[in-house]
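> coordinates only, sequence not included:
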């Protein structure tokens, strides 16, 4: 096996673009300058997983230009293997500009320059299958399918169940504008139908309750599961309500919780004999710095827990913790929490978990700080060293907590202007 094909934990396939972020709020027409960053759903997941200690590979195509150089170098700096990224001398690297406002705001603006990009030329036969299958997990998103007919053909190939394929993870990532452009140009079919088809071929699917309603007209987690019975694991992100995870229980009485090894390439769910175990995991309360990047971070956290074969509840909790890390920084990417620290928080009992409140700087707290606070008032007896106030020794004192950028505070303490629940 060549160095390029060295086995990794996760392979992430998809377009990444150079992002231009405004230096101040306002219309794009009024913003005088921009900071350069990187953006891409799949590369975001790869970067978060690598930063969390997993072996991650990003596969894509970029232009033989300066922006392509920047993307490859920036993503590799997170510890991601980028050796399978191909350079295209004839097509450019995609770029986009956006305003600093919440993406859900009426005045939010995003302008993409990605038509005819190097990534849009990804196709069956162009990318090495040995690279694509070199991970325990292959992570995809619905964005890739909207880029071009070739990309859609590749996505259909990768979500077709075949012996020996890795576990296929698919984030629906419905982008109405992108699909509208594809349909108007004649380069893509109806986005909702295509996304449903691709999701049904995956082993693990992430979908937001809101995007399922927008794409397929189905409301509620149970209705979404009825529309997507095939994946062994379906994660429905419910915004402030948290996440609902459906994991398949087999007719023999076992539970297929979406463990990685040996999970890919099967025949899918037998809807006549298999039933689901349903796990509801409440979201965290977060003092938000910038409401972007949470969806990709949640997927990375859940995949991290899956790679470690954690219980389903803890996988979702790690997803919430990763999302909280993204929400408490500017930009799409954040430093994940120390693994031991995150494990302690994920192991809290339900009451202590409900009491957590995450603020800026919390991932800078080390596991040692958590251990040092094991005797703090309010610590959970169910998980020694962890509790509603124990994740930071001064969390019971609002003034000290603010001065030391407390990582976790409890209900009633002052925070930033905006508080949300993780996806």
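All right, it came through fine. Just so it is clear, the structure is predicted and the values come from calculations on it, not from any experiment.
> Can you report how many residues lie near residue 70?
Residue 70: 16 surrounding residues under other CB atoms under 10 Å. No exception for glycine: its C-beta is placed from N, CA and C like everyone else's.
> Which of the helices or strands spans the closest residue to it other than its chain neighbours?
Nearest residue to residue 70 in three dimensions, chain neighbours excluded: residue 18, at 6.1 Å (CB to CB, 6 or more residues apart in numbering). Residue 18 belongs to strand 17-22 when assigned by DSSP states H and E.
> For that strand, name the packing helices and strands.
Other elements packing on strand 17-22 under the criterion 3 or more CB pairs under 8 Å, 6 or more residues apart in numbering; DSSP states H and E are strand 34-39, helix 66-76, strand 95-98.
> residues making contact with whichever helix or strand comes after the shortest one?
Following strand 95-98 in sequence order, the next helix or strand is strand 110-113 (DSSP H and E). Strand 110-113 has contacts (CB atoms under 8 Å, 6 or more residues apart in numbering) with 17, 28, 94, 95, 96, 97, 98, 99, 103, 178.
> Closest to residue 231 out of those?
Closest to residue 231 out of these is residue 178 (22.9 Å), distances taken as CB to CB.
> Who are the contact partners of that closest one?
Neighbours of residue 178 in contact, by CB under 8 Å, 6+ apart: 112, 143, 146, 147, 191.
> Pull the most distant pair out of the residues you listed.
Farthest pair in the contacts of residue 178 (CB to CB) is 112 and 191. Separation: 15.6 Å.
> more neighbours, the two?
A count of neighbours by other CB under 10 Å puts residue 191 above the other of residue 112 and residue 191, at 20 against 16.
> any idea how far that one lies from residue 184?
Per CB to CB, to the nearest Å, residue 191 is found 12 Å from residue 184.
> So which of the contacts of residue 178 belong to strands?
Members of the contacts of residue 178 lying in strands (criterion: DSSP state E): residue 112.
> Please tell me how far residue 198 sits from residue 225.
For residue 198, the distance to residue 225 - CB to CB - is 17 Å.
> typo on my end, residue 10
Note on residue 10: its distance to residue 225, by CB to CB, is 25 Å.
> And residue 123, by the same measure?
Distance from residue 123 to residue 225, counting by CB to CB: 32 Å.
> In a markdown table: the helices and strands packed on strand 17-22, plus mean pLDDT.
Supplementary listing: the helices and strands packed on strand 17-22 in a markdown table, determined by pLDDT from 0 to 100:
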| stretch | mean pLDDT |
| --- | --- |
| strand 34-39 | 92 |
| helix 66-76 | 97 |
| strand 95-98 | 92 |
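> possible to save the ones you listed as JSON lines with distance to residue 130?
What follows is these, written out as JSON lines (distance: least, CB to CB, whole Å):
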{"stretch": "strand 34-39", "distance to residue 130": "26"}
{"stretch": "helix 66-76", "distance to residue 130": "20"}
{"stretch": "strand 95-98", "distance to residue 130": "31"}
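> For residue 160, find the nearest of those.
Using CB to CB, the nearest of the helices and strands packed on strand 17-22 to residue 160 is helix 66-76, at 27.7 Å.
> Which element is encountered next along the chain beyond that closest one?
Once the chain leaves helix 66-76, the next helix or strand it forms, by DSSP H and E, is strand 86-88.
> still on that earlier bit, okay, the angle between the strand holding residue 18 and helix 66-76?
90 degrees (axes from the mean of the first three to the mean of the last three CA atoms, to 10 degrees).
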